[in-house]
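Chemist: Quick one, what's the 3D model for this:
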Amino acid sequence: MPKPTYLHKVEHKSLKDGISSTYEELIFESDNGITIKFYKRDDSSMEKIKITGSGNSFNMVTHVGEKKTETPLTKSELLEVLATNKNLKFANEFANTQKGGKYFRFGGAKGKKTNSKSKSKSKSKSKSKAKPKAKPKAKPKAKKSKSKSKSKSKSRSKGKK
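Modeler: Predicted coordinates for the structure are as follows:
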């Protein structure tokens, strides 16, 4: 089994009033490709969507009750399906916001490249503006006058004689 680069898995199983229900969502991304799975089952209904693929070719298998459909998709068609299907909301969020999802990236809107020197200059300017002004230095303490200390030492020396 390939090592995952991204894993999102949510499982919720419950039993209430004798009715069991299961809810699962899974995104598994690795070097081999991506797998997206949605599964919801109650006593009366079952829905399962599984999407696998890599590059520009994906395969979507949908089970609704007893009905099974298989659909090949391109990357743009897959992004459209993720946006329109409310059950695949978690996968749409992954495709649009997460750092993973390299199989969904088109590489379209990229930021303008700038010189690293200009970035560092602008950062240093913004940092210097953000710093509060330094407090004024405290005045140094006044030095004792020598005349007082001499007078004390003279008075002491006079008393000792």
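
Chemist: residues in contact with the residue nearest to M46 when sequence neighbours are not counted?
Modeler: Counting by C-beta to C-beta, 6 or more residues apart in numbering, G65 is the residue found nearest to M46 once chain neighbours are left out, at 6.2 Å. From N, CA and C alone the C-beta is placed, and that goes for glycine too. Contact analysis of G65 by C-beta atoms under 8 Å, 6 or more residues apart in numbering lists S45, M46, E47.

Chemist: end to end, how far does stretch 75-91 reach?
Modeler: Using C-alpha to C-alpha, to the nearest Å, the end-to-end distance of stretch 75-91 comes out at 13 Å.

Chemist: which outside residues touch it?
Modeler: Outside stretch 75-91, the residues that reach it (C-beta under 8 Å, 6+ apart) are 8, 10, 25, 27, 36, 38, 40, 47, 49, 51, 53, 55-56, 58, 60, 73, 92, 95, 103-104, 106.

Chemist: thinking again about what came up before, the residue nearest to M46 and L73, how far apart?
Modeler: Shown here: G65 relative to L73, a distance of 22 Å by C-beta to C-beta, to the nearest Å.

Chemist: wait, what's in contact with the nearest residue in space to N32 that is not next to it in sequence?
Modeler: Nearest-residue entry for N32: P2, 4.8 Å, with adjacent residues in sequence omitted and distances by C-beta to C-beta, 6+ apart. P2 makes contact with S30, D31, N32 under the criterion C-beta under 8 Å, 6+ apart.

Chemist: Which of those fall within strands?
Modeler: In strands, defined here by DSSP state E, the members of those are S30.

Chemist: Now rank the contacts of P2 by neighbours and give me the top one.
Modeler: The most crowded member of the contacts of P2, judged by other C-beta atoms under 10 Å, is S30 (15 neighbours).

Chemist: Any figure for the gap between that residue and F58?
Modeler: Per C-beta to C-beta, S30 is found 15 Å from F58.

Chemist: Tell me which of the contacts of G65 fall in strands.
Modeler: Here DSSP E is the test, and the contacts of G65 give M46, E47 as lying in strands.

Chemist: Dump the contacts of G65 to TSV, plus neighbour count and pLDDT.
Modeler: As requested, the contacts of G65 are exported to TSV (neighbours: other C-beta atoms under 10 Å; pLDDT from 0 to 100):
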residue	neighbour count	pLDDT
S45	10	92
M46	14	93
E47	14	94
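
Chemist: Since that was my last question, I'll sign off now.
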